[in-house]
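A.B. asks: sharing a model that was predicted from the sequence below.
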Amino acid sequence: MEIKSIGIVGAGQMGNGIAHVMALAGYDVLLNDISEDSLKSAIARIDKNIERQVSKGALSALEKDAAMARIKTTLQLTDLGSSDLVIEAATEREDIKHKIFAALLPHLSDHTILTSNTSSISITRLAAATDRPERFMGFHFMNPVPVMQLVELIRGIATDQPTYDACLKVVERLDKTAASAEDFPAFIVNRILMPMINEAVYTLYEGVGSVQSIDMSLKLGANHPMGPLELADFIGLDTCLAIMNVLHDGLADTKYRPCPLLTKYVEAGWLGRKAGRGFYDYRGDVPVPTR
């Protein structure tokens, strides 16, 4: 089937980024959230980010106006029912995703492909809670969506080939690159990335190095663009912890045990950039290490 309209559940960092790239690629986008303020903030962010592309000469003002006109918003989840493709981009909690699908399913068109932007949760298990496991799959964008080239496509055990092919065509139309991942905990990117971040937190926890020295060592010694603790703050420490818990529970290997310090930061509400404080304190003009 040809995908023409995209419904997106969740107007946060991932949801608004997905809406951004879909609208620029010519898709009609309907962005849903439970908060009117979140929707207004998402539209403002998309407008600002596309304007940045215009200022750099990557887009024309007409292209920006056309893209923004393709994005509509709604507080009613049921409005997404007629979309050709729905991408769930809510928080990384399986119980919340199940509630969203349960509310959405009775209103979906028979042809609608349902996907999740989950970064770690079993696609097969999510699909089994729906009425369309054959037309369900993982559609995992990287953050920030407008910048990152990769999209992980994850089949559940029941995902059929036409569904995979339709989603692959969407990725190609976005001028991004698809990586096909098997349905194992955290897939490819986070299966490798999150244990590295967790080990960096252990390195801090054990006093091997400070926040600054750990990040500097990986940037200068391994040529990483961001240090692992800086990256954890960017991703969100709650998301990092959730993924590590999925790895630990799903693979039953102690090497994936979340560092107690990571758990402590999350319990304190120090979730990284979005909370103003994580491994760095972002409340001043310059980020300052918190340890």
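C.D. replies: Cool, got the structure.
A.B. asks: what residues does the helix ranked longest in the chain touch?
C.D. replies: When the chain is parsed with DSSP state H, its longest helix is helix 36-55. Contacts with helix 36-55, where a contact means CB atoms under 8 Å, 6 or more residues apart in numbering, come from 11-12, 15-16, 19-20, 23-24, 31, 33, 59-61, 63-64, 67-68, 71, 73, 75, 146. In short, each C-beta sits where N, CA and C put it, glycine included.
A.B. asks: now it: mean pLDDT?
C.D. replies: Taken as a whole, helix 36-55 carries a mean pLDDT of 97.
A.B. asks: ok, stretch 62-82 next?
C.D. replies: For stretch 62-82, the mean pLDDT works out to 97.
A.B. asks: now swap in stretch 259-273 and tell me
C.D. replies: Mean predicted confidence for stretch 259-273 is 98.
A.B. asks: neighbours of the nearest residue to residue 74 once chain neighbours are set aside, how many?
C.D. replies: In space, and not counting its chain neighbours, residue 74 is closest to residue 32: 5.3 Å by CB to CB, 6 or more residues apart in numbering. Using other CB atoms under 10 Å, residue 32 is surrounded by 28 other residues.
A.B. asks: just the buried residues of the contacts of helix 36-55.
C.D. replies: Taking 16 or more other CB atoms under 10 Å as the criterion, what is buried in these is 11-12, 15-16, 19-20, 23-24, 31, 33, 59, 64, 67-68, 71, 73, 146.
A.B. asks: among those residues, which are in helices?
C.D. replies: 15, 16, 19, 20, 23, 24, 64, 67, 68.
A.B. asks: state the pair within those residues that is farthest apart.
C.D. replies: Greatest spatial distance among those (CB to CB): 15 and 64, at 19.5 Å.
A.B. asks: and the contacts of the helix or strand harbouring residue 231?
C.D. replies: Assigned by DSSP states H and E, residue 231 belongs to helix 228-235. The contact list for helix 228-235 (CB under 8 Å, 6+ apart) reads 143, 196-197, 199-201, 204, 211, 214-215, 218, 224, 226, 240, 262, 272-273, 278-280, 282.
A.B. asks: put the buried members of those residues into a PyMOL selection.
C.D. replies: PyMOL command restricting those to the buried ones, with burial defined by 16+ other CB under 10 Å:
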select buried, resi 143+197+200+201+204+211+214+215+218+240+262+272+273+278+279+280+282
